[in-house]
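Q: Just the structure for this:
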Amino acid sequence: MKKLIIRADDVGYSEAVNYGICKAVKDGMIRSVGVMPNMPFARHGLDLLKDFDLAVGQHTNVCLGMPCADPKKIPSLLDENGEFKSSKQYRAAFQNGEDFVDVEEAVIEIEAQYRKFRELTGQEPDYFEAHAVASMNLFKALEIVADKYSLPLQKLRFDGGETTFNSKPVRILPMKSGSPDYDAYECLKEGVLNVAKEDMPSVAVLHPGYLDDFILNHSSLTVNRTKEVVMLCDPAMKTWLDEHDVEQIDYRDIR
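A: As a prediction, the model looks like this:
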């Protein structure tokens, strides 16, 4: 039997995203959610989810909104307005062979978000990772903080290869939600059939959500979020997973 974590990132991104995630938890298959501690709507999202039994992770965010740390201590991460540099800026730097993130500054911000996560949730993160940006220095800083506080780090890759969660082997199913012709059903099915293995757990990283003015003006991932809400709440998808001997678990099951 294959073991599968179906995870929802971006709790706190916006009110509409929070409502979409809540729908995917209440009526769907989400059992692990990642919180963006620095975002103003993080508390709103957690309040919507407070009555559900979920694995709650720190979805460290350094490419949207304001920092949790003192801005004067992390200049490499911020733009001229004191907000995080955008994911677009990260991608442009990466394509030029550059990495503007200072590791020590990233550690300061990640620790500040860790403290904010504990303040918001009243608990340690069940998993610990980052909103994907193109920066190896950020990933180094995550490892430093994870080691310092003994946090269960989820290392990411998006090609279906093997990586680790809390130093244990896992696979991350391919993520194709950036494609304009994205089919959420087929993407999950292909990952289960072609990438997931019986010898280790797999993780499907999804971004369910609804849309509001904020998400439409701050993210390139919009309509495809709504497609994931529909797929996750469709009983036929749950039946398909059962028929293919897939056991749905959450991060706490493999700690």
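Q: Might you report the residue contacts of the closest residue to residue 218 other than its chain neighbours?
A: Leaving out its chain neighbours, the residue that sits closest to residue 218 by CB to CB, 6 or more residues apart in numbering is residue 64, at 6.4 Å. All C-beta spots, glycine's among them, are computed from the backbone N, C-alpha and C. Each residue near residue 64 by CB atoms under 8 Å, 6 or more residues apart in numbering is listed here: 13, 36, 39, 83-84, 86-87, 131, 218.
Q: let's go with 10 Å and repeat that
A: Contact analysis of residue 64 by CB atoms under 10 Å, 6 or more residues apart in numbering lists 10, 12-13, 36, 38-39, 83-87, 131, 133, 218-219.
Q: Could you identify the buried members of the residues you listed?
A: Among the contacts of residue 64, the ones that count as buried by 16 or more other CB atoms under 10 Å are 10, 12-13, 36, 38-39, 84-85, 87, 131, 133, 219.
Q: just to revisit the earlier point, of the contacts of residue 64, which belong to helices?
A: Within the contacts of residue 64, residues falling in helices by DSSP state H are 87, 218.
Q: Filter the contacts of residue 64 down to the ones in strands?
A: If you go by DSSP state E, the contacts of residue 64 have residue 10 in strands.
Q: out of the contacts of residue 64, which one sits closest to residue 187?
A: residue 10 (17.4 Å; CB to CB).
Q: on that earlier part again, which single one of the buried ones among the contacts of residue 64 is nearest to residue 23?
A: residue 10 (13.8 Å).
Q: Mind pulling up the pLDDT for that closest one?
A: pLDDT for residue 10: 98.
Q: can you pull the contacts of the most centrally placed residue in the chain?
A: With distances taken as CA atoms, centre = their mean, residue 9 lies nearest the centre of the chain, 3.5 Å away. Residue 9 makes contact with 17, 21, 32-36, 57, 59, 61, 129, 131-132, 175, 205-209, 221, according to CB under 10 Å, 6+ apart.
Q: measure the residue lying closest to residue 193 once chain neighbours are set aside to residue 198 for me?
A: Distance criterion CB to CB, 6+ apart; nearest residue to residue 193, sequence neighbours excluded, is residue 244 at 7.4 Å. Using CB to CB, to the nearest Å, we find residue 244 at a distance of 11 Å from residue 198.
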